[in-house]
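A.B. asks: Structure of the sequence below:
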Amino acid sequence: MSLFLPEGVLVGHWTDRDGWTGCTAVLAPEGAVVACEVRGGGPGTRETDLLGPAASAPGANAVVLSGGSVFGLAAADGVVRRLEEAGIGYRTRAGVVPLVASAVVFDLATGDPAARPGPEAGYAAATVAAREVERGSVGAGTGCTVGKLLGPGAWTKGGLGFAGRSLAGGGTVAALAVVNAFGEVLAEDGSILAGAWRDGAYRRTVDLLARGESPSRPWREATTLVCVLTDAALTKTQAWLVARAASAGVARAVDPAATAVDGDVVYCVATGRKDMDGLTLAAVAADVTAAAIRDGVRRATSAPGCPSAAERSAGEAGP
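C.D. replies: Alright, predicted model coming up:
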């Protein structure tokens, strides 16, 4: 079992290492409240309005994070089918209706552009969902890259990360992050963990832009996706505020964040099993979000033509 994963939450991956894409299903327990906050200018999402504080439903039964750009939204259909088979969803006169939210990253340029997670991939991810969270170049993190400004030859491998903390009283807050950012990922001390690489060193995206560097076709091709997971008892509005606060964690670990070419989205899944202080919860959610993003690039392994941060730091990545 992964430490800090709230009771009742399950996580499963489907990974395609030939096409360099994948998807991740986060299954919420019965009674969970789910909300989200969209910050990026180029999001690719499904059921986002359902998760707003004004929507009548308490949230969703699952959240799917996927590669494949807009094509990857189809992975949610497979999760819907899997949940329907298990009798999980909102009960109506016509039967059980699973509600599945989804967000995608653009990874089509990493491997085979024709390789996209579809319904069968989503079904497979939901089928293997468990209490263990595998990290790195898996699931939705399989084809992720960061540091997009200078083009594919300068990218560094992104990935999927996880981090969490325990709170006084026995509660937990965790975050799952899919790291495919336009900008670079920053370490705790502000140095660059992974980003655009030129002449044997990382280069800050903001500095490059200020000097007149032109983006290399980054339109809607970058995104950081986060799913905050907690056993707190929250209303829909409170869960939305936690997701909103966690966006600050994205900005701590990714620079620049929420740009016009990023589709940054933060979800909050609250299982309702613990009473927690809202201020503490929001502050810690931002902290673990930043930690999960850093974990994603630290655990990533290289893809063809795209070195990992570990290879870059070891001097194995070439020019």
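
A.B. asks: Surely Val261 is in contact with Pro215?
C.D. replies: Yes: using C-beta atoms under 8 Å, Val261 is in contact with Pro215, at 7.2 Å. For the C-beta atoms, the positions are set from N, CA and C on the backbone; glycine is no exception.

A.B. asks: Which one of those two is surrounded by more residues?
C.D. replies: The neighbour count for Val261 versus Pro215, taken as other C-beta atoms under 10 Å, is higher for Val261 (22 against 19).

A.B. asks: Any figure for the gap between that one and Ala124?
C.D. replies: 30 Å (C-beta to C-beta, to the nearest Å).

A.B. asks: what about Ala54, neighbour count?
C.D. replies: Neighbours of Ala54 under the rule other C-beta under 10 Å: 8.

A.B. asks: how far away is it from Ala35?
C.D. replies: Distance, Ala54 to Ala35, using C-beta to C-beta: 11 Å.

A.B. asks: For the protein, spot the helix or strand the model is least confident about on average.
C.D. replies: strand 90-92 (a mean of 90; mean pLDDT, DSSP states H and E).

A.B. asks: Which elements pack onto the helix or strand following it?
C.D. replies: Once the chain leaves strand 90-92, the next helix or strand it forms, by DSSP states H and E, is strand 95-97. Packed against strand 95-97 by the contact rule (3 or more C-beta pairs under 8 Å, 6 or more residues apart in numbering; DSSP states H and E) you find strand 90-92.

A.B. asks: and with 10 Å instead?
C.D. replies: Packing partners of strand 95-97 (3 or more C-beta pairs under 10 Å, 6 or more residues apart in numbering; DSSP states H and E): helix 75-85, strand 90-92.

A.B. asks: before we move on, the earlier item: which residues do Ala54 and Ala35 both contact?
C.D. replies: Common neighbours of Ala54 and Ala35, counting by C-beta atoms under 10 Å, 6 or more residues apart in numbering, are Lys236, Thr237, Trp240.

A.B. asks: Just send the helices and strands packed on strand 95-97 back as CSV, with distance to Glu47 and mean neighbour count too.
C.D. replies: Listed next are the helices and strands packed on strand 95-97 as CSV, based on distance: least, C-beta to C-beta, whole Å; neighbours: other C-beta atoms under 10 Å:
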stretch, distance to Glu47, mean neighbour count
helix 75-85, 8, 23
strand 90-92, 12, 10
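
A.B. asks: Out of these, which gets nearest to Asp112?
C.D. replies: helix 75-85 (16.4 Å; C-beta to C-beta).

A.B. asks: For the closest one, what is the distance to the chain centroid?
C.D. replies: The chain centre lies 19 Å from the centre of helix 75-85; the measure is C-alpha atoms, centre = their mean, to the nearest Å.

A.B. asks: now stretch 305-319
C.D. replies: On the basis of C-alpha atoms, centre = their mean, stretch 305-319 sits 23 Å off its chain's mean C-alpha point.

A.B. asks: residues in contact with it?
C.D. replies: So stretch 305-319 is contacted by 20, 109-111, 136-137, 143-147, 152-159, 185, 187, 192-195, 197-202, 294, 296-302 (C-beta under 10 Å, 6+ apart).

A.B. asks: run the last query once more with 7 Å
C.D. replies: Residues outside stretch 305-319 that contact it (C-beta atoms under 7 Å, 6 or more residues apart in numbering): 110, 145, 152, 155-157, 193-194, 197, 200, 297-298, 300-302.

A.B. asks: Whichever of those end up buried, select them in PyMOL.
C.D. replies: To isolate the buried ones among these in PyMOL, judged by 16 or more other C-beta atoms under 10 Å, type:
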select buried, resi 110+145+155+156+157+193+194+197+297+298+300+302
